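Chemist: any chance you could fold what I've pasted below:
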Amino acid sequence: MGVTGPPGPVMDRDEVDRALARLAAEHKAVEDSLLALQDHAGRRLLEGAELTGATEVRWAETERSVTALWAYFDAYTAALREARELRSRRRWSSREDLVELTERLRGRSVVVPGTDGGLVERFTLEGLVERMNDLYARSLDAVVTADAVWSALPARIDLLAAELGRTRSLAHSVGVRPGEHPSGDDLEAITGELTALRAQVVSDPLAFWLPAGGSSAPGGGRPDTGRYDRAARALEEVRREVEAVLQVRQDSEARLLKLRDVLSRADRTLAEARAARGEVLAKIAASEVPAVSGPPTALQERLAAAAEHRRHARWNRLSPLLEALELQAEEELLRAREQLTAVTAPLAVRAELRGRLDAYRAKVSRHGLAEDPLLIERYDVARRMLWSAPCDLRAAEHAVLRYQRAAAEALAGPSDQRGER
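Modeler: The predicted structure follows:
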């Protein structure tokens, strides 16, 4: 190689020796990095895997980069060796030697044939180190990223698949099967998703990587667990549903007994309301009494269907039916109680008027007015109305109010201050 002149000032012997020492240290660092990349577990896995998608494309690029790295490293090694040999010829290098060493150490003196059949490339030693560092970082990023995904996701998918198997066995034991229960269909869908997910993770790990924003370090980011997380949540929902069905199998007898008791109380309450309605119609005049519905036969039929499901161990059908029946039975009991309250409202009004009348009579007696003729007359009128059948509530209430007013006036002062009697 001819010398065309040094790039910049000619280096002295000390500068040459320092540059050679620095370049030797960089040579050692690059060599160690390349050997570590060669032995990286992720690279060996990539070499042996049947890759698809983004990983297949990226790994092809990485292999070309690694090939170029070794070619650059060989050229760097040869150039550094030649510079060392030139420096070692004489203890005290001549001017000509220093000029050539300056060209070799600082100039574009390293010639590298095109790795893909392209043009020859020329580098300074420092420029060649920068190129190798750049290629190494990109190659290492692909290897580290793939290894990180393979280390994280397949094992987690396998654990989830094992949990899926246990859930499926438990589901089958309580009748939760595909085509028979929505959760059985969900289990089939989760099984297919996990199978597909694992195959894709193994063949295309780089498709499951989320790079860290603004990070330039190799492997900056984290595995994308979105699909895995969704499958895990779906399985958890199915597991809770299966456990609920299993719980039904364990406590269905007690729940059916409680249901029968609630419906029996609703029946008794309705019967009481019907009897009360007859009493009200007989004892209260001019009162609109609401009709009382019949017994909840539809609920009784569904209760019988639930018992049949239990006898035949159809737990998956019994579970939603029991939940619906429990809600409807409580609503039916509440409705029966409301009907009883509505039917007996006139009797409650009559009882309240009777109590009010007696309370005022006791009050006037305590004040020595029990023999007052007006009070006796008005009391007798109100009492006859309230204790006669049928009772006219409006007239009886008016009579009670007249007695109250008379009692209040009697208690307030002399008879000549009372109003009209």
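
Chemist: list the buried residues for stretch 153-167?
Modeler: Leu153, Arg156, Ile157, Leu160, Ala161, Leu164, Thr167 (16 or more other C-beta atoms under 10 Å). C-beta coordinates here come from the backbone N, C-alpha and C atoms, glycine included.

Chemist: state the distance from Val245 to Glu323.
Modeler: 11 Å (C-beta to C-beta, to the nearest Å).

Chemist: out of those two, which sits in the busier spot?
Modeler: Val245 (23 against 13; other C-beta atoms under 10 Å).

Chemist: helix or strand: which one has that one?
Modeler: Using DSSP states H and E, Val245 sits within helix 226-283.

Chemist: and that helix, what does it pack against?
Modeler: Secondary-structure packing of helix 226-283 (3 or more C-beta pairs under 8 Å, 6 or more residues apart in numbering; DSSP states H and E): helix 125-173, helix 182-203, helix 297-311, helix 315-343, helix 345-366.

Chemist: how far does the first one sit from its chain's centre?
Modeler: Meaning helix 125-173. On the basis of C-alpha atoms, centre = their mean, to the nearest Å, helix 125-173 sits 25 Å off its chain's mean C-alpha point.

Chemist: next: the fourth one.
Modeler: What separates the centre of helix 315-343 from the centre of its chain is 31 Å, taken as C-alpha atoms, centre = their mean.

Chemist: any idea of the mean pLDDT in it?
Modeler: Mean pLDDT, helix 315-343: 88.

Chemist: report the buried residues of that helix.
Modeler: Quick answer for helix 315-343 (16+ other C-beta under 10 Å): 315-319, 321-322, 325, 328-329, 332-333, 336-337, 339-340, 343.

Chemist: one more: the shortest one?
Modeler: Residues Leu299, Arg302, Leu303, Ala306, Ala307, His309, Arg310 are the ones in helix 297-311 that count as buried (16+ other C-beta under 10 Å).

Chemist: re the thing from before, so how far is the helix holding Val245 from its chain's centroid?
Modeler: With C-alpha atoms, centre = their mean, you get 27 Å for helix 226-283.

Chemist: neighbouring strands of whatever helix or strand comes next after that helix in the sheet, and parallel or not?
Modeler: Next along the chain after helix 226-283, taking DSSP H and E as the criterion, comes strand 284-285. Here strand 284-285 is paired, per DSSP bridges, with strand 391-392 (parallel).

Chemist: by contact count, what packs against the very next helix or strand once past the strand it pairs with?
Modeler: Counting by DSSP H and E, the next helix or strand C-terminal to strand 391-392 is helix 393-412. Counting contacts by 3+ C-beta pairs under 8 Å, 6+ apart, helix 393-412 packs against helix 345-366, helix 373-386.

Chemist: which of those helices sits most buried?
Modeler: helix 373-386 (a mean of 18; mean count of other C-beta atoms under 10 Å).

Chemist: list of residues touching that one?
Modeler: Contact with helix 373-386 is made by 350, 353-354, 357, 361, 364, 369-370, 391-392, 395-396, 399-400, 402-403, 406-407, 410, 418, 421, as judged by C-beta atoms under 8 Å, 6 or more residues apart in numbering.

Chemist: try 7 Å this time
Modeler: Residues from elsewhere that reach helix 373-386, judged by C-beta atoms under 7 Å, 6 or more residues apart in numbering: 350, 353-354, 357, 361, 364, 369, 391-392, 395-396, 399-400, 402-403, 406-407, 410, 421.

Chemist: between the buried residues of helix 297-311, which is nearest Ile190?
Modeler: His309 (26.4 Å; C-beta to C-beta).

Chemist: and that closest one, what does it touch?
Modeler: His309 touches Arg317, Leu318, Leu321, counting by C-beta under 7 Å, 6+ apart.

Chemist: how about the nearest residue to Ala79, chain neighbours excluded?
Modeler: Nearest residue to Ala79 in three dimensions, chain neighbours excluded: Val110, at 4.6 Å (C-beta to C-beta, 6 or more residues apart in numbering).

Chemist: what's that neighbour in contact with, if anything?
Modeler: Contacts of Val110 (C-beta under 7 Å, 6+ apart): Ala75, Tyr76, Ala79, Arg122, Phe123, Leu125, Leu128.

Chemist: lowest-confidence one in these?
Modeler: Ranking the contacts of Val110 by pLDDT, Arg122 lands last with 88.

Chemist: go ahead and name everything in contact with the helix or strand of the chain with the lowest mean pLDDT.
Modeler: Ranked by mean pLDDT, DSSP states H and E, the weakest helix or strand in the chain is strand 284-285, scoring a mean of 82. Residues from elsewhere that reach strand 284-285, judged by C-beta under 7 Å, 6+ apart: Pro346, Arg350, Pro390, Cys391, Asp392, Leu393.

Chemist: apart from its chain neighbours, what residue comes closest to Asp204?
Modeler: Nearest non-adjacent residue to Asp204, counting by C-beta to C-beta, 6+ apart: Gly53, 3.8 Å away.

Chemist: against Thr62, how distant is that neighbour?
Modeler: Distance of Gly53 to Thr62, given as C-beta to C-beta: 15 Å.

Chemist: residues contacting Ser293?
Modeler: Leu270, Gln339.

Chemist: can you tell me the SS state at it?
Modeler: coil (DSSP: H, G, I helix; E, B strand; the rest coil).

Chemist: pretty sure Asp372 is touching Glu409, no?
Modeler: No - using C-beta atoms under 7 Å, Asp372 is not in contact with Glu409; the gap is 10.3 Å.
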